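Trainee: Provide a 3D model corresponding to the input given below.
(chains A, B and C)
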Amino acid sequence: MGASTEIPLVDHHCHGIFPGQPEDGFERWISESDRRSPDFDHLDATPLGMAIRAWCSPLLDLEPGASREEYVARRAEIAPEELNARLMRAAGVAELLVDTGITSLDLTPPDELAELAGAEGHEVVRIEEVAERALERSSSVAEFRQEFETALADRADSAVGLKTIVAYRTGLVVPDRPPETAVADRAIERALGQAGRARIDDPDLLHHGIWVGVELARAHRLPIQLHTGLGDTDVDISLADPGLLTPFIRATDGLGVNLTLLHCYPYHRTAGYLAAMYPNVYFDLGLSLNHAAGGARTVMAEAMEMAPFAKQLYASDAIGIAELHHLGALLFRRSLDAVLDGWIGDGLIRTADAERIAAAIASGNARRLYGLEGRSGTRPE
Amino acid sequence: MGASTEIPLVDHHCHGIFPGQPEDGFERWISESDRRSPDFDHLDATPLGMAIRAWCSPLLDLEPGASREEYVARRAEIAPEELNARLMRAAGVAELLVDTGITSLDLTPPDELAELAGAEGHEVVRIEEVAERALERSSSVAEFRQEFETALADRADSAVGLKTIVAYRTGLVVPDRPPETAVADRAIERALGQAGRARIDDPDLLHHGIWVGVELARAHRLPIQLHTGLGDTDVDISLADPGLLTPFIRATDGLGVNLTLLHCYPYHRTAGYLAAMYPNVYFDLGLSLNHAAGGARTVMAEAMEMAPFAKQLYASDAIGIAELHHLGALLFRRSLDAVLDGWIGDGLIRTADAERIAAAIASGNARRLYGLEGRSGTRPE
Amino acid sequence: MGASTEIPLVDHHCHGIFPGQPEDGFERWISESDRRSPDFDHLDATPLGMAIRAWCSPLLDLEPGASREEYVARRAEIAPEELNARLMRAAGVAELLVDTGITSLDLTPPDELAELAGAEGHEVVRIEEVAERALERSSSVAEFRQEFETALADRADSAVGLKTIVAYRTGLVVPDRPPETAVADRAIERALGQAGRARIDDPDLLHHGIWVGVELARAHRLPIQLHTGLGDTDVDISLADPGLLTPFIRATDGLGVNLTLLHCYPYHRTAGYLAAMYPNVYFDLGLSLNHAAGGARTVMAEAMEMAPFAKQLYASDAIGIAELHHLGALLFRRSLDAVLDGWIGDGLIRTADAERIAAAIASGNARRLYGLEGRSGTRPE
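Mentor: Coordinates of the predicted model:
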């Protein structure tokens, strides 16, 4: 039994799942890519696909390593709610912090996701989504400023954190102070002048939004989550290196605003190093462990090389299908325990240390960072 | 016996070898560097040198791990053609895709290399070499454009792919569309005005060449190979990160033009990730496995963390000496099998999966990508 | 017994330690960060803290893995000189090359450090520190030029190497030639005009200093050490990638000036590759092994993938507390021996090769590079 086996996890960054069968097919959600390759079916095609067949099959009453055909057929037989509940509950998660910023998909809201998992649910608010909605409702710079700040503050009131996906838009070269008022105003003006207005791609406007978020986070003592590293086809991976955030990290550390670097691969060593340098930096491996399936232990070991034990978090970044919630937890536990067992074998730590470290990374750090102890979640009775 | 043991390989990116003894000595070709270090002889000096002594010696009738002196002496005793044939055939390669763009060295052409190996040979045409020769023959912009396009189309007619070495010149910040006509014209003009004209270093002209290549590749359904990552002393490694190609990758994916990222180290995780995101991205470890000898398994494991099984390829990138062809194949098989065995031991896959995955990476993917099945190679009767 | 067990090390890059108890507490020196995190005590909080408890405890007459409280209490009981001597001597170091450029701390000078360790001491002169002191003494451009060049030459006279910390100031984009005279003059002028003048942050002035150093290094045949990779909160890690040095490396290679890349993590693979390409590039893992404690073997293995055996060095980068000297040596030996044992097990090398490689990396390379054989150190009688 590993050091983390019995610990109910805090998944500090995840998304909802489809309550029914995904319209575009269950397998599409095994990949982060929206560009379908003609050459393969995901359940047969990637380490993550194999991991689902290997380790989710038993929860569908199949043998481990069931074939793609068996898995697909059996998955269609089980009622979606039953399937989702089985997979979510097996994850052993106590708290789910749900990014509600993907509004284009019909995903379960935090309370429903939490109910499926037998967990508490909490909301993380995506800054860009709030800004984009405020833009739709505004016709002048002043109106946008008012709408955006009010809406973000309202949303933050019941949330446990903010999130920015600037990595997906213009990358992680984020300035260490807010854009000048005139610069931000011109950016808002440009955005208001655009037809559609759906998606903010203007660096000045994105940076304005982040810095409004920083002020709010400071006032409300909320952490800010930042997507870093691997993502989908919107990410320019070279601009998603969390090392690029250094000036922004220094500035927010000075303000006492905590940051969590999400995913981080292939820059997870940089993330662990930043967590060792700056009191306000936390990080997770999010998406990376599920997608690295066979290499999850290696990635975990690298992330843990230099990171203080108090600074690493668990996140599944699961979205769409419950398998990703289940597998995220399973690979996290297996990888963490393997690294800690290695350290014990090497004489670096003892069993009691491993238990302490596992408890911190699996749940304690997130509870402290997000103030979850005194907080009631959205678990419905 | 590993999953790949019996599979004849497709080496989708390699070079010719010297038919006789290399003029500047056999050991110089153990390094990619043209700057000779005073401090060491390569057979004693690097993991690759040790690997040659360890694993090529038996093919020279020596014990594994023969001393440098024994190896050098014995190598000189065997007739070059016999030596080359022994090493090439032991590689177990069925198809050799040969980059013929290094014309400054007297290397075997594809058909002779294939004969030595008992394989089929195919040609990959280097865009920059064709452009540089066209430049020598041209005295006006219009003439160069005509010469270059005609020559590239002619060469492509009998080739299975194109290649660009822009990483060696100005790096991988390649635009997502062709340079404007006027911009390209001015670059051609500048190049025509230069004495010598041998080597194109102008980014506009290089990008023009690549985009002429993209159009041709699209029309002829040819993949384009891109050098990325480690190379020789011409490469600025920071500019050879394949992540920098993201805008170019998106653009060519939209056009249906496939790309293969070569070598990739130390950015091989980024390459695997790109292969997972974009249907048009394939990659190999090329040069990396030979030079990482003792760490080849680790590098392979990292490359396979996220890459779809249908997107990884085998390449030796061997040049000059037959040892590199032999060792490339040997280290590829050992590393791939070790990773797959690890996955079996971990419960991620089963033996039949390992065989399927090995077959894809070792040969199937390249056969499909380059359309090798219906194609007759240059194997002489 | 590992291949390196019996070899007295040359620590080619380290700092002095506090002769007494550090004023701000012993534990602060377990981290490179000057920003104290409220959440943890270092001895319990990081792999390095655990490594001190695991592997330094026996030298304090404690069981391996003593608790934080035991360690802190026992450390306070032993007289500082006794404690320092125990830890330093157990490191088994024969030569210490000491960077004397951190003048803000009351650290032991090279001769005293050497005496504690039973070793020879040598000095490495930090270019920026000499420039900053020359600035304080100068009131005109001409005076600064004269002061700086004279002082650097004087200091270099008794030193074995120079060092630059430009990575901490403006990063590793260092030009491949000296700044133009007029450009440097203007930079000196600006610096002279500043109140305080303590810290040089101007890229032109930093580059001027480095190039004065290059000329001196060339004349005196001294290597230049360059901080690269991880550091403290002054470093912008994205600008500390040694790959960025490529143009500077090429230029200095042409001049016959040797460079040593220090620390390198998380870019240590790039460093090993550069060492394989350029005759003038040497490197170490410095700081990285202590801070990666549980992952030190992995980091070492990656560094050794491509690096020629003649190009890698040992350094502890220890500063402030003797534990870092001891642990640096211990983790270096354990990691190096583990990698070499792995290579033996894999059939890549034999025991005699391992001994030769270990001897080179542990001491031979540094002796040759710094010309230590014919040189008397500062070991006092």
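
Trainee: now the strands: where do they sit in the stretch 201-350 of chain A?
Mentor: Shown for the stretch 201-350 of chain A, the strands assigned by DSSP state E, counting those that start in this stretch span residues A:224-228, A:259-263, A:281-283.

Trainee: could you check the angle the second one makes with strand A:224-228?
Mentor: Per axes from the mean of the first three to the mean of the last three CA atoms, to 10 degrees, the angle that strand A:259-263 makes with strand A:224-228 is 30 degrees.

Trainee: right, is strand A:259-263 up against chain B?
Mentor: No: with CB under 8 Å from any CB of the partner chain as the measure, strand A:259-263 is seen stopping short of chain B, the closest distance being 11.0 Å. C-beta: built from backbone N, CA, C; applies to glycine.

Trainee: ok, and what's touching that strand?
Mentor: Contacts with strand A:259-263, where a contact means CB atoms under 8 Å, 6 or more residues apart in numbering or on different chains, come from A:12-13, A:161, A:223-231, A:242, A:245, A:249, A:252, A:271, A:274-275, A:280-288, A:313, A:315, A:317, A:369.

Trainee: residue A:128 is in contact with residue A:166, correct?
Mentor: Yes: judged on CB atoms under 8 Å, residue A:166 makes contact with residue A:128 at a distance of 7.4 Å.

Trainee: so between the two, which is more surrounded?
Mentor: Summary of the neighbour comparison: residue A:166 and residue A:128, criterion other CB atoms under 10 Å in any protein chain shown, with residue A:166 having more neighbours (25 against 21).

Trainee: and the gap between the more buried one and residue A:173?
Mentor: To residue A:173, residue A:166 is 9 Å away according to CB to CB, to the nearest Å.

Trainee: picking that back up, shared neighbours of residue A:166 and residue A:128, anything?
Mentor: Residues within reach of residue A:166 and of residue A:128 at once, by CB under 8 Å, 6+ apart, are residue A:206.

Trainee: pLDDT below threshold where in the stretch 151-300 of chain A?
Mentor: Within the stretch 151-300 of chain A, the stretches with pLDDT under 70 are A:197.

Trainee: contact residues of chain A facing chain C?
Mentor: Contact residues, chain A versus chain C (CB under 8 Å from any CB): A:241, A:243-244, A:246-247, A:250, A:253, A:267, A:269-270, A:273-274, A:276-279, A:301-302, A:304-311, A:339, A:342-343, A:346-350, A:353, A:368.

Trainee: go through those residues and flag which are in helices.
Mentor: Judged by DSSP state H, helices contain the following of these: A:246-247, A:250, A:253, A:269-270, A:273-274, A:276-277, A:301-302, A:339, A:342-343, A:353, A:368.

Trainee: write the PyMOL selection for whichever of the residues you listed are buried.
Mentor: Applied in PyMOL, the following selects the buried portion of those according to 16 or more other CB atoms under 10 Å in any protein chain shown:
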select buried, chain A and resi 246+250+253+269+270+273+274+276+277+301+302+339+342+343+353
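
Trainee: show me what from the stretch 201-350 of chain A comes close to chain B.
Mentor: Residues of the stretch 201-350 of chain A lying close to chain B (CB under 8 Å from any CB) are A:230, A:232-233, A:235-238, A:265-266, A:291-295, A:298-299.

Trainee: now the stretch 1-150 of chain A
Mentor: Close to chain B, as judged by CB under 8 Å from any CB, the stretch 1-150 of chain A has residues A:31-33, A:35-40, A:45-48, A:50-51, A:54-55, A:64-65.

Trainee: which of these are buried?
Mentor: Buried residues within those, defined by neighbour count using 16+ other CB under 10 Å: A:31-33, A:37, A:40, A:45-48, A:50-51, A:54-55, A:65.

Trainee: which one of these is nearest to residue A:211?
Mentor: Proximity to residue A:211 was ranked across those by CB to CB; first place goes to residue A:32, at 28.3 Å.

Trainee: please, which helix or strand holds that closest one?
Mentor: Element membership for residue A:32 (DSSP states H and E) is empty, with no helix or strand holding it.

Trainee: quick check: closest non-adjacent residue to it.
Mentor: On the basis of CB to CB, 6 or more residues apart in numbering or on different chains, the spatially nearest residue to residue A:32 that is not a chain neighbour turns out to be residue A:232, at 4.5 Å.

Trainee: kindly report the same for residue A:85.
Mentor: With CB to CB, 6+ apart as the measure, residue A:116 is the residue that lies nearest to residue A:85, at 5.0 Å, once sequence neighbours are left out.

Trainee: next helix or strand past the host helix or strand of that neighbour?
Mentor: Secondary structure assignment for residue A:116, by DSSP H and E: helix A:110-117. Using DSSP H and E, the helix or strand that directly follows helix A:110-117 along the chain is strand A:120-126.

Trainee: distance from that next one to the middle of the chain?
Mentor: In this view, strand A:120-126 has its centroid 11 Å away from the chain centroid, taken as CA atoms, centre = their mean, to the nearest Å.

Trainee: for the nearest residue in space to residue A:5 that is not next to it in sequence, grab the count of nearby residues.
Mentor: Counting by CB to CB, 6+ apart, residue A:333 is the residue found nearest to residue A:5 once chain neighbours are left out, at 6.6 Å. Neighbouring residues of residue A:333 were enumerated by other CB under 10 Å; the total is 22.

Trainee: ok, now how distant is residue A:333 from chain C?
Mentor: Here residue A:333 is placed at a distance of 18 Å from chain C (CB to the nearest CB, to the nearest Å).

Trainee: how far away is that residue from residue C:122?
Mentor: With distances defined as CB to CB, the gap from residue A:333 to residue C:122 amounts to 50 Å.

Trainee: same deal with residue A:74?
Mentor: Residue A:74 sits 70 Å away from residue C:122, going by CB to CB.

Trainee: those two: which has the busier surroundings?
Mentor: Under the criterion of other CB under 10 Å, the comparison of residue A:74 against residue C:122 puts residue C:122 first, with 25 against 15.

Trainee: my read is that the more buried one contacts residue C:94, right?
Mentor: No: applying CB under 8 Å, one finds residue C:122 not in contact with residue C:94, separated by 11.3 Å.

Trainee: which residue packs closest to residue A:118, ignoring adjacent ones?
Mentor: Ranked by CB to CB, 6+ apart and with sequence neighbours excluded, the top spatial neighbour of residue A:118 is residue A:89, at 5.3 Å.

Trainee: residues contacting the one you found?
Mentor: Residue A:89 touches A:116, A:117, A:118, counting by CB under 8 Å, 6+ apart.

Trainee: and it, how far from residue A:9?
Mentor: Following CB to CB, the distance that separates residue A:89 from residue A:9 is 12 Å.

Trainee: hmm, back to that, backbone dihedrals for the residue nearest to residue A:32, please?
Mentor: phi -110, psi -160 (degrees, to the nearest 10).
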